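> With the sequence up front, the predicted model follows.
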Amino acid sequence: MEFQTPLVPARLIRRYKRFLADIRLEDGTVAVAHCPNPGAMLGLDDPGLRIWVEPNDDPKKKLKYGWRLAELPGGHWAGIDTGVPNRVVKEALTSGRVPELAAYRTVQPEVRYGTNSRVDFVLRAPDLPDCYVEVKNVHLRRTADWAEFPDSVTARGTRHLADLAAVVAAGHRAVMFYLVQRTDCTRLRMAADLDLAYAKGFDAARAAGVEVICHGTGISPLGVTLGAALRVDPRQQTPLIGDWKSPAP
């Protein structure tokens, strides 16, 4: 997935009201950029962070910049736009680049299902069960090379897990696809200390037969592409006893 307009570097002054960010461009100009991310963005919205924004000259848009990337230590990148994963995964699905799903021939986006939900994609092919694919954006990293999800409470995400489990019970395939928009992570686990209900829902969905796929990404100011498959923690994601603390590396 390529960005429509070449990105330009800037420094983050502050993020506020979730969807707004004051930025300083390299020529010193201060502007307001759209932040396409409703999450907590832990560690990715610190003042002074070097970021990359996408300019636009659309007269219908009030804000002339959209925040897309954050630079990380060690030459790494993070994508902060939660709309990007669906575009990246759709390109990968239609080109057969996800081995577990390569046998499917048609990719239909935004299909109603479950309890007043829309699944991101339904895949279909002759002689195969329909496959329901829900995509989640991941950009939280707190320890070692672990990517974690979610970065804040997501009742909607927990509902999606239950809906996918119901899809399996009805005889279809269901996949939770986590796309890690960071280049400094090699594995994934649930952040149960941030949303215990989601972690419990994840365990229940996986036990019910919901498949879990996780991929990293290739990220640059030119665009975001599907990266290598990442390992998902095979252990139960919720604590059996006692208070939950983020596990050691």
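Cool, the structure landed. Residues are numbered from 1 along each chain as shown.

> which residues sit against the longest helix belonging to the chain?
Criterion DSSP state H: the longest helix present in the chain is helix 155-169. Contacts of helix 155-169 from elsewhere in the structure, counted by C-beta atoms under 8 Å, 6 or more residues apart in numbering, are 113-115, 117, 119, 132, 134, 136, 150, 173-176, 195, 197-198, 201-202, 204-205, 208-210. For glycine as for every other residue, the C-beta is placed from the backbone atoms N, C-alpha and C.

> can you rerun that using 6 Å?
Contacts to helix 155-169, defined as C-beta atoms under 6 Å, 6 or more residues apart in numbering, come from residues Gly114, Ser117, Tyr132, Glu134, Ala174, Ala197, Tyr198, Gly201, Ala205, Ala208, Gly209, Val210.

> buried sites along it?
Using 16 or more other C-beta atoms under 10 Å as the test for burial, helix 155-169 gives Gly157, Thr158, Arg159, His160, Leu161, Ala162, Asp163, Leu164, Ala165, Ala166, Val167, Val168.

> Give me the pLDDT value at Arg50.
pLDDT, Arg50: 98.

> Would you mind naming the residues that bridge with it?
Counting by DSSP bridges, Arg50 forms beta bridges with Arg11.

> Could you check how many residues crowd around Gly218?
14 (other C-beta atoms under 10 Å).

> typed the wrong thing, it's Glu134
So Glu134, with other C-beta under 10 Å, has 24 neighbours.

> Am I right that it falls within a strand?
Yes: assessed with DSSP: H, G, I helix; E, B strand; the rest coil, Glu134 lies in a strand.

> how close does it get to Tyr113?
10 Å (C-beta to C-beta, to the nearest Å).

> Over to Ala170?
To Tyr113, Ala170 is 10 Å away according to C-beta to C-beta.

> Which residue of these two possesses the greater neighbour count?
Tyr113 (19 against 12).

> quick revisit: format the buried residues of helix 155-169 as CSV; extra columns: distance to Gly28.
Compiled in CSV, those are given as follows (distance: C-beta to C-beta, whole Å):
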residue, distance to Gly28
Gly157, 40
Thr158, 45
Arg159, 46
His160, 44
Leu161, 47
Ala162, 50
Asp163, 49
Leu164, 49
Ala165, 53
Ala166, 54
Val167, 53
Val168, 55
